[in-house]
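Return atomic coordinates for the entry below.
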Amino acid sequence: MATYNGEDYVDQQIKSILPQLSKGDELIISDDGSSDATLRIIKRIQQVEPGIKLIKNVGSGVIQNFETAIKYAQNELIFLADQDDIWHPEKVEIMKNYFEDYPDKQVLMSDLIVMDASGNEIMPSYYQFRKCKTGFLKNLFRSSYIGCAMVFRSEFKKEILPIPKTVPMHDMWIGLLADKKHQVLMIPEKLVFYRRHEKNVSEIKTKASFWQQIKWRVTITYLLIKRMHVKY
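Below is the predicted model:
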């Protein structure tokens, strides 16, 4: 989980995740220099839940904050989580079962129910809204990927890291890396209650200009080609 000034919702999100963890699992939280009560809330829960590992990031932004959390993740499956959502109570079990059924897939993504700041449903399906489907070219021009619904195998970290600082978003980077090898599976279950509020860092529908979007596509295409030929 990546956090930054998330005091309003982080408690609820952590408590939706913890009951789903098994022995040996960890909730790794990378905080990017919160100045509100976020750290205090996490540390309070950490006192009774030793499976939480808190890392203080250096204030480098959302992409590098997720990169830090991914670096510390050691278990077989790595679930990405935003600080302000709520997980479906069977999210972990359902996605683990899919990985067992599809051993050739490196990245899984679920559908999401979009809700407002108070938890009221405002959109029944993120897939439907974004017309989500797999396919490298489709997602290069209109990305379906959303990090808070993504899970990937630990072995895929070597493909993901380091995340270039100029990628548009970390989830687009992860999704395209896997999709170019046909290793993404989008499952139909709605396993995240995706909260939209006035403090969201990400946008559900981009407000970037046409030319900015073209620049992003050119940049990420260059970075993907470079990654294919450079070993870190």
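
So for the residue nearest the centre of the chain, what's the pLDDT?
With distances taken as CA atoms, centre = their mean, residue 147 lies nearest the centre of the chain, 2.5 Å away. pLDDT, residue 147: 96.

Report the beta-bridge partners for residue 186.
residue 109 (DSSP bridges).

about what we covered before: who touches the residue nearest to the centre of the chain in this structure?
By CB atoms under 8 Å, 6 or more residues apart in numbering, the residues touching residue 147 are 66, 80, 82, 169-171, 174. The way it works is simple: take the backbone N, C-alpha and C, and place the C-beta from them, glycine included.

Check residue 193 too.
85-88, 112-113, 115, 119.

Could you give me the ChimeraX syntax to select whichever of the residues you listed are buried?
Here is the ChimeraX command that selects the buried residues among the contacts of residue 193 (16 or more other CB atoms under 10 Å):
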select :85,86,87,88,112,113,115
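
Among the contacts of residue 193, pick out the one closest to residue 215, please.
residue 112 (27.6 Å; CB to CB).

Quick check: which element contains the closest one?
strand 107-115 (DSSP states H and E).

and the gap between the residue nearest to the centre of the chain and residue 176?
Residue 147 sits 13 Å away from residue 176, taking CB to CB, to the nearest Å as the criterion.

What of residue 189?
23 Å.

Between these two, which has more neighbouring residues?
residue 176 (22 against 13; other CB atoms under 10 Å).

Now do the SS call for residue 199.
Following DSSP: H, G, I helix; E, B strand; the rest coil, residue 199 is assigned to coil.

shift numbering so it begins at 130
Will do, 130 is the new start, and the previous item becomes residue 328.

Could you tell me the per-residue confidence at it?
Residue 328 is given a pLDDT of 76.

how far is the longest helix seen in the chain from where the chain is centred?
Ordering each helix of the chain by length in residues (DSSP state H) puts helix 339-358 first. Taking CA atoms, centre = their mean, to the nearest Å, one finds the center of helix 339-358 at 20 Å from the center of the full chain.

Can I get it in CSV, CA atoms only?
Output in CSV follows, covering the C-alpha atoms of helix 339-358 (Å, rounded to 0.1, in the frame of the first residue of the first chain):
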residue,chain,number,x,y,z
PHE,A,339,-4.5,15.5,-26.4
TRP,A,340,-0.8,16.4,-26.9
GLN,A,341,0.1,15.5,-23.4
GLN,A,342,-1.5,12.1,-23.9
ILE,A,343,0.4,11.6,-27.2
LYS,A,344,3.6,12.5,-25.4
TRP,A,345,2.9,9.9,-22.7
ARG,A,346,2.3,7.2,-25.3
VAL,A,347,5.6,8.0,-27.1
THR,A,348,7.5,8.1,-23.8
ILE,A,349,6.1,4.8,-22.5
THR,A,350,6.7,3.1,-25.9
TYR,A,351,10.3,4.2,-25.9
LEU,A,352,10.7,3.0,-22.3
LEU,A,353,9.2,-0.4,-23.0
ILE,A,354,11.5,-0.9,-26.0
LYS,A,355,14.5,0.2,-23.9
ARG,A,356,13.5,-2.2,-21.1
MET,A,357,13.3,-5.1,-23.6
HIS,A,358,17.0,-4.5,-24.5
